[in-house]
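**Q** sequence isn't available, so here's the structure alone:
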């Protein structure tokens, strides 16, 4: 009998002798030994025995922690239907114990983890069970007067009921959340806490907008804006009014939209604060004034913005930050031009262009072609902003010629990775020029060279670099926009994702699977099996590593795949900060699935 088996037998004897606390201590040692030896299945069984003993001792936290440990052991095993069934059973049991212990949040976590590994009706049942647990928790928060947490939970509950197939109950939950928001706002106003009142109205507006009730949503947005004004949070007030004007535009209520845009613009102008924040807000206000025909106010706002940017230019110059100084000069020139001072604006544009051209000459003298190309590219962008398109075109052509030259030199030296980088930059310049055929040509070349680099590094058995360049080949192929290249891009990206997954780089694998999902979802939505396959790969990745960013992405992806627009919008708004670099893509994908009723995907305005 091994030492570990002896420990397990000793624990059984202690349990029979009603010395359960001593028994769990011995079982813990045995489980740790089994885990260290890679015997994860056996370790899971021991952790489950510990959980059951803790349950008999009414030690809920320790019991649920042991169930967590048991699940972790099973997840470490190679996935199979048998293991997945065992994970579902284990977490379902843990969820039931958590409910009895009134640990509703943990109960929901267990049910949702079980749902990750379940299929068909069982998956839906587990989602409903998770929703039930979270609703109990929301009830408790509402009774305590913690309306913010109650609303947050109810939004999640509504999504889960919908995912579980109960749309009627989902709608009921969303309406309850709206009622709580209204009560929350009312009580906050009574005690003159206008920031809280605004937050509550903003939450109600988000839910209403997602449900397609635009008139009511706009009313709550305007109310939130008024409350933020009273709290002197003018930028937030402007954001709420800006959101409301977008809704009024969808409703084609022109007069109401003009009034609210005027209010938003005034808030932005009066917002104050740091110069680098205030100046862009004043430009936004000027654009709004101009759109609604308030020409004098628009000109005044542009003039005011130019003076703010002038201060920023002065500060950057004092600090020796040449790049910031040039950027602020460009914004100052833009504002001056819109105000009507074109001569002064042209002088500033000339100053910035000349600085970049001198820099390019200096880099050329040093023989640094890449730095020369970067400086010329900046000069071309400024010329384009100044409306001097012919001059901009000429500079872009010089830039492309330099990048092509660098790419060919890299090819001759056998550096396919560097060649890919330069062809990609040439493609971006061609795109800015509006020369689509040239852009396609260069991005295709960039993809081919990246694929060659991947093959080269694979031959050297440098797996990490081979995988990275396969990803680059896929990304560049997507930029061409052609169907054949898109098919090739999907193949490259799936290979790269599999490579990252094999190396244990799960976040990288997830990113590539997401790129493939977004591509198929947008361009080949009828390929349901293909979409499902990629989503399953994303789910598999997230099961191996719990990650807030990946969880947030899947919270939007799952309802998208199920054509649940409301749940997808609410998830997008709720998890906006966690979505990071995938936010813009997800917002676009949600908009693609938008029912054609005029409602759209708003940013998470307000707070």
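**A** Here it is on my side, so go on. All figures in this text were calculated on a predicted structure; none of them were measured in a lab.
**Q** the nearest residue to residue 211 once chain neighbours are set aside and residue 173, how far apart?
**A** Nearest residue to residue 211, sequence neighbours excluded (CB to CB, 6 or more residues apart in numbering): residue 566, at 5.8 Å. Bear in mind the C-beta positions are built from the backbone N, C-alpha and C, glycine included. Applying CB to CB, to the nearest Å, the value for residue 566 to residue 173 is 11 Å.
**Q** looking at the two, which is more packed in?
**A** Taking neighbours as other CB atoms under 10 Å, residue 566 and residue 173 compare with residue 173 leading, 25 against 22.
**Q** surely the more buried one and residue 153 touch.
**A** No. The pair formed by residue 173 and residue 153 falls short of the contact definition of CB atoms under 8 Å, at 9.7 Å.
**Q** pull out the buried positions in the helix or strand of the chain with the lowest mean pLDDT.
**A** Least confident helix or strand of the chain, by mean pLDDT, DSSP states H and E, is helix 3-16 with a mean of 74. Within helix 3-16, the residues scored as buried using 16 or more other CB atoms under 10 Å are 4, 7, 8, 10, 11, 14, 15.
**Q** for stretch 294-311, same thing?
**A** 294, 297-306, 308-310.
**Q** returning to what we had before: helices or strands up against the least confident helix or strand of the chain?
**A** In terms of contacts (3 or more CB pairs under 8 Å, 6 or more residues apart in numbering; DSSP states H and E), helix 3-16 is packed against helix 20-36, helix 40-56.
**Q** tell me which residues are up against the first one.
**A** Outside of helix 20-36, the residues that reach it under the criterion CB atoms under 8 Å, 6 or more residues apart in numbering are 3-4, 7-8, 10-12, 14-15, 40, 42-43, 46-47, 49-50, 53-54, 56-57, 62, 69, 73.
**Q** quick one: it to helix 3-16, angle?
**A** Calculated by axes from the mean of the first three to the mean of the last three CA atoms, to 10 degrees, helix 20-36 forms an angle of 160 degrees with helix 3-16.
**Q** next, the angle from helix 20-36 to helix 40-56.
**A** Going by the same axes, to 10 degrees, helix 20-36 makes 160 degrees with helix 40-56.
**Q** got the buried residues for helix 20-36?
**A** 20, 23, 24, 26, 27, 28, 29, 30, 31, 33, 34, 35.
**Q** which stretch in the helices and strands packed on helix 3-16 has the least confidence?
**A** Lowest mean pLDDT within those: helix 20-36, at a mean of 85.
**Q** just how off-centre is that one within its chain?
**A** 41 Å (CA atoms, centre = their mean, to the nearest Å).
**Q** what do you get for stretch 177-186?
**A** Centre-to-centre, stretch 177-186 and its host chain are 28 Å apart (CA atoms, centre = their mean).
**Q** what is the mean pLDDT for it?
**A** pLDDT averaged over stretch 177-186 gives 97.
**Q** for that stretch, buried residues please.
**A** Neighbour counts over stretch 177-186 (16+ other CB under 10 Å) mark 177, 178, 180, 181, 182, 184, 185 as buried.
**Q** how close does the fourth one sit to residue 290?
**A** It refers to residue 181. 35 Å.
**Q** next one: residue 490
**A** Relative to residue 290, residue 490 is positioned 44 Å away (CB to CB).
**Q** which of those two has more neighbours?
**A** Comparing residue 490 with residue 290 by other CB under 10 Å, the one with more neighbours is residue 490, at 21 against 17.
**Q** wait, doesn't that one sit right on residue 520?
**A** Yes. Using CB under 8 Å, residue 490 is in contact with residue 520, at 7.0 Å.
**Q** now do stretch 216-229: everything it contacts.
**A** Contacts of stretch 216-229 (CB under 8 Å, 6+ apart): 181, 185, 189, 194-195, 197-199, 201-202, 204-206, 208-209, 234, 236-238, 240-241, 243-244, 247-248, 251, 256, 260, 263-264, 267, 605-606.
**Q** for residue 85, which non-adjacent residue is spatially closest?
**A** Counting by CB to CB, 6+ apart, the residue nearest residue 85 is residue 117, at 7.9 Å.
**Q** surely the one you found and residue 543 touch.
**A** Yes. The criterion here is CB under 8 Å, and residue 117 meets it with residue 543 at 7.1 Å.
**Q** and these two? Which one has more around it.
**A** residue 117 (25 against 16).
**Q** ok, residue 272 - contacts?
**A** Contact analysis of residue 272 by CB under 8 Å, 6+ apart lists 234, 278.
**Q** ok, now the one 10 residues further on?
**A** Neighbouring residues of residue 282 by CB under 8 Å, 6+ apart: 268, 269, 301, 304, 305, 308.
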